[in-house]
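Colleague: Give me a model of this one.
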Amino acid sequence: MRTTLSELAPLPAPPASVAAGPTHPPGDLAVWFFILAELLVFAVFFAAYAFARAHDVALFNAMQEQLDRPGGALNTVLLITASWCVARAVQAVCEQNHAALGARWLAGGIACGGGFLIVKCIEYADKFAAGINLSTNTFWMFYLSLTFFHFMHVILGMVILAVLWAQTRRGIYTPGHANGLESGAAYWHMVDLVWIVLFPLVYVMR
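Modeller: Numbers count the residues shown, from 1 in each chain. Predicted coordinates:
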């Protein structure tokens, strides 16, 4: 017996979560291009560091012994915690529609970022007091350049988080209308990611 197409049962519709899934990263696409450009700059920095280290391993190993590894490890924990707080802030606003909770999580992220800056400033002060500067040797030139470049990105990230905190408290962001919050969170996660690579590369690897 021949079955016509009209007799066939219609196929079930795809789940709404699949049909309406996002077609691009959260946040502003222009911010993602900026993030990729920043990551490329850091990648060039890291490659130059690795090249210089390969040509004078003994010097780099000796200078690494003078670094504050516990301080660097603490800063790693602080930045990872800050990223976790920022992620929870986005979740609170975009999934729970809870702006007040989101603002509190952002405040936690700002506090952790501030802790990172304090620890880093103490480390810089110790090195400068010992007479270390960009011209001391190749290792310290790379160390100061890399970490200070990242330091400035942390400051910019904290400024962005402060703006997001103020706007979230005012209820600017809501589910479906949180492009600015997601963009700022993406930038902060980039800052965290760079440090996760920078810390073992400069402080630990031998």
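Colleague: where along this structure do the helices fall?
Modeller: 16-19, 29-54, 57-64, 69-94, 99-129, 138-169, 179-198 (DSSP state H).
Colleague: helices and strands around the longest one, which ones?
Modeller: Spelled out, that is helix 138-169. Applying 3 or more C-beta pairs under 8 Å, 6 or more residues apart in numbering; DSSP states H and E, we find helix 138-169 packed against helix 29-54, helix 57-64, helix 69-94, helix 99-129, helix 179-198. For the C-beta atoms, the positions are set from N, CA and C on the backbone; glycine is no exception.
Colleague: buried sites along that helix?
Modeller: 139-140, 142-144, 146-147, 150-151, 153-154, 157-158, 160-162, 164-165, 167-168 (16 or more other C-beta atoms under 10 Å).
Colleague: show me where pLDDT drops low in the chain?
Modeller: Scanning the chain with the threshold set as pLDDT under 70 gives 1-25, 27.
Colleague: Now D126. Nearest residue, chain neighbours left out?
Modeller: Spatial nearest neighbour of D126, excluding adjacent residues (C-beta to C-beta, 6 or more residues apart in numbering): D68 at 7.1 Å.
Colleague: Correct me if wrong: the one you found contacts E123.
Modeller: Yes: between D68 and E123 there is a contact under C-beta atoms under 8 Å: 5.1 Å.
Colleague: my guess is V93 contacts G176, does it?
Modeller: No: using C-beta under 8 Å as the test, V93 is too far from G176 to be in contact (10.4 Å).
Colleague: Look up how far A82 lies from P200.
Modeller: Taking C-beta to C-beta, to the nearest Å as the measure, P200 falls 19 Å from A82.
Colleague: between the two, who's got more neighbours?
Modeller: For P200 versus A82, the count of surrounding residues by other C-beta atoms under 10 Å is larger for A82: 28 against 12.
Colleague: got a list of what the more buried one touches?
Modeller: A82 sits next to G108, G109, I110, C112, G113, F116, W188, D192 when contact means C-beta atoms under 8 Å, 6 or more residues apart in numbering.
Colleague: Dump those residues into CSV; add neighbour count and distance to G102 as well.
Modeller: Output for the contacts of A82, formatted as CSV (neighbours: other C-beta atoms under 10 Å; distance: C-beta to C-beta, whole Å):
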residue, neighbour count, distance to G102
G108, 19, 11
G109, 28, 11
I110, 21, 13
C112, 23, 16
G113, 27, 17
F116, 25, 21
W188, 27, 14
D192, 23, 18
